[in-house]
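Participant: here is a sequence together with a model predicted from it:
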Amino acid sequence: MSAMDEQTLYCLRRPPPEDFKRTLRASLLQQKAQAAAGPPRLMRLAAAIVACLALAGAFAVPSVRAAATAFLDMFRVVHFAALPVDSGSLQQLRDSGLDLRGLLSDHVQVLEKAGPPTSYPTPAAAGAATGFHVDLPSWMPVGWNIEAPAVSVSGPTSARITANTARLAQILASLNINDVAVPQGIDGRSATVRTSSAVTVTWRHEGQTVQLVQSPSPQVDFPAGTDLPALAEIGLRIMGLSRNDAYRFAQSIDWRSTLVVPIPANVASFRQVSVQGGSGLLLEGARPAGGRRQGKAGAVVLWSDGSRVFALSGSLSSEQLLEMAQTLQ
Amino acid sequence: MSGSFVYLDMGLDAGATGRMMWRSSATEPDWNAVFTEQLPRVYNYFCYRLDNEADIQELTSRTFEKAWRARHRYRRELAGFATWLLRIAHNVVIDHLRLAREYAPLEELEERPAEGVPEAEHERASDVARLRDLIPTLPMREQALLALKYGAGANNREIASVTGLSESNVGTILHRTVQLLRDRW
């Protein structure tokens, strides 16, 4: 045995066997042929309204997450769409003291409260408590202990919202929005929002946190005949969109299956992504101006498998979060 | 995306360029170059992570097959294709090791020098056996970094991209790891 030098560390290297190369090539050939025979895979394009807008400024994942959560109460989620909103408009909305829950009603009746989250020793135990299988990633970056997450469950919630058109007209007037007609047919009608138990799995490593939240899709019962695009257009105007943009966006969305995530101006970028064959939304943060070069701003991946919604967030790179999302099972 | 295995048309001996070739499409790699240049890197990455030749070949195959299936997810602006491929290899071996739960004994694969071989070959075989003994004694993260550096020939920046560590951290860990191996040699 020789003394160990740098060259010694390369001693395990060897060329791949020729027969192996041939076999692998044949295998890939076969896949290529199968791909050619099947239907072409098409990348799903992001909605036109979110495709070409670049937003700048510091990123605050919690604010985005909070916004997403607020909207999760409002729609049954199968798809996600990003809605860029002007931070000035949002600030104006906050300064006005308006409550988004009060847009359609001055009366929200809470039927069931979630209560404080309950901790469970394992994801399987949380799954047994909630009645659905808790999906977990099979990959995390090196150094993370994938097998020892903290697990908690938030209980189901439900609420009944009763529309009050007079109140809505009053809010619009206070924001100087005078070119929107409030649909009178909704006055006094109710919608019931039900959210199921949500499982939160949290990993921590060297001061960083990655969190996966999953839950059966929230269900909202709307009165038959509710003109959702018209109501959505009002909401979009209140959030600062112009008349034309609000109309086009409202008409382009299936409001019965799409979760609209408002993206404040302090979010660096967002894009539609493919997660396990379905479409999802990736929100990426920008590093704070003058921040450390190696600092990670974080990202959030939102997606649905048709029956459940998932949110994976943390201070990993967006590529790593996406890789994690792809390995969920 | 209209990606296809270009090497089918060009042949695998079309010439190694030393750098990844790209077609006119913004994100479509030249799969001929991918196969020619990256197969040895991926294969040797697994040589440092696994002791069994069948497993090495299986995981190498799995990596290329996954890359092909996931080609529409590759985004050139986020990482070089070689780095992306190594990341897939890295994930593949993590999955494999998780399923295996424990490393297989290495003794059976030690390259024991045969009688009558020249001294230089004796020495090399001895080095190989010793290194194979030592690598599994390292933590998994250090094993991964060593495999990326000396097996796949990745630089610290590529390793950082694959593992999520910072580039300076990669350099520090590798330095310590090599020092540790020297101490135990």
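Facilitator: Thanks, I have it.

Participant: residue A:20 contacts residue B:57, doesn't it?
Facilitator: Yes: with contacts counted by C-beta atoms under 8 Å, residue A:20 reaches residue B:57, the gap being 5.0 Å. Quick note: C-beta positions are derived from backbone N, CA and C, even for glycine.

Participant: against chain A, how distant is residue B:80?
Facilitator: Distance, residue B:80 to chain A, by C-beta to the nearest C-beta, to the nearest Å: 12 Å.

Participant: pull the number of nearby residues for the closest residue to chain A within chain B.
Facilitator: Nearest residue of chain B to chain A, counting by C-beta to the nearest C-beta: residue B:164, 3.4 Å away. A count of nearby residues for residue B:164, using other C-beta atoms under 10 Å in any protein chain shown, gives 21.

Participant: buried stuff in the helix or strand containing residue B:121?
Facilitator: Assigned by DSSP states H and E, residue B:121 falls within helix B:119-134. Using 16 or more other C-beta atoms under 10 Å in any protein chain shown as the test for burial, helix B:119-134 gives B:124-132, B:134.

Participant: do stretch B:42-55 as well
Facilitator: So, applying 16+ other C-beta under 10 Å, buried residues of stretch B:42-55: B:42-51, B:55.

Participant: any part of that stretch near chain A?
Facilitator: Yes: on the criterion C-beta under 8 Å from any C-beta of the partner chain, stretch B:42-55 is in touch with chain A at B:43-44, B:47-48.

Participant: please list the residues of the stretch 51-200 of chain A that sit near chain B.
Facilitator: Residues of the stretch 51-200 of chain A lying close to chain B by C-beta under 8 Å from any C-beta are A:138-139, A:141-143.

Participant: helices - which of those residues land there?
Facilitator: Assigned to helices by DSSP state H, none of those qualify.

Participant: kindly write the PyMOL command that selects the buried subset of those.
Facilitator: For the buried members of these, the matching PyMOL selection, counting by 16+ other C-beta under 10 Å, is:
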select buried, chain A and resi 139+141+142+143
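
Participant: restricted to strands, list the residues of the stretch 51-200 of chain A next to chain B.
Facilitator: Judged by DSSP state E, those include no members of strands.

Participant: can I get the residues of the stretch 51-200 of chain A next to chain B in JSON lines with pLDDT?
Facilitator: Shown next, in JSON lines, are these (pLDDT from 0 to 100):
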{"residue": "A:138", "pLDDT": "89"}
{"residue": "A:139", "pLDDT": "89"}
{"residue": "A:141", "pLDDT": "87"}
{"residue": "A:142", "pLDDT": "84"}
{"residue": "A:143", "pLDDT": "84"}
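
Participant: tell me the one among the residues of the stretch 51-200 of chain A next to chain B nearest to residue A:176.
Facilitator: Relative to residue A:176, the closest of these is residue A:141; by C-beta to C-beta it sits at 49.3 Å.

Participant: follow-up on the earlier one: which members of the buried residues of helix B:119-134 additionally contact chain A?
Facilitator: Contacts with chain A within those, counted by C-beta under 8 Å from any C-beta: B:124, B:126-128, B:130-132.

Participant: quick one: least confident helix or strand in chain B?
Facilitator: Sorting the helices and strands of chain B by mean pLDDT, DSSP states H and E puts helix B:7-10 at the bottom, at a mean of 24.

Participant: what is the nearest of the residues of the stretch 51-200 of chain A next to chain B to chain B?
Facilitator: Nearest to chain B among those: residue A:141, at 3.4 Å, using C-beta to the nearest C-beta.

Participant: report pLDDT for the nearest residue to the closest one once chain neighbours are set aside.
Facilitator: Distances taken as C-beta to C-beta, 6 or more residues apart in numbering or on different chains put residue B:164 closest to residue A:141, at 3.4 Å, once the chain neighbours are dropped. Residue B:164 carries a pLDDT value of 87.
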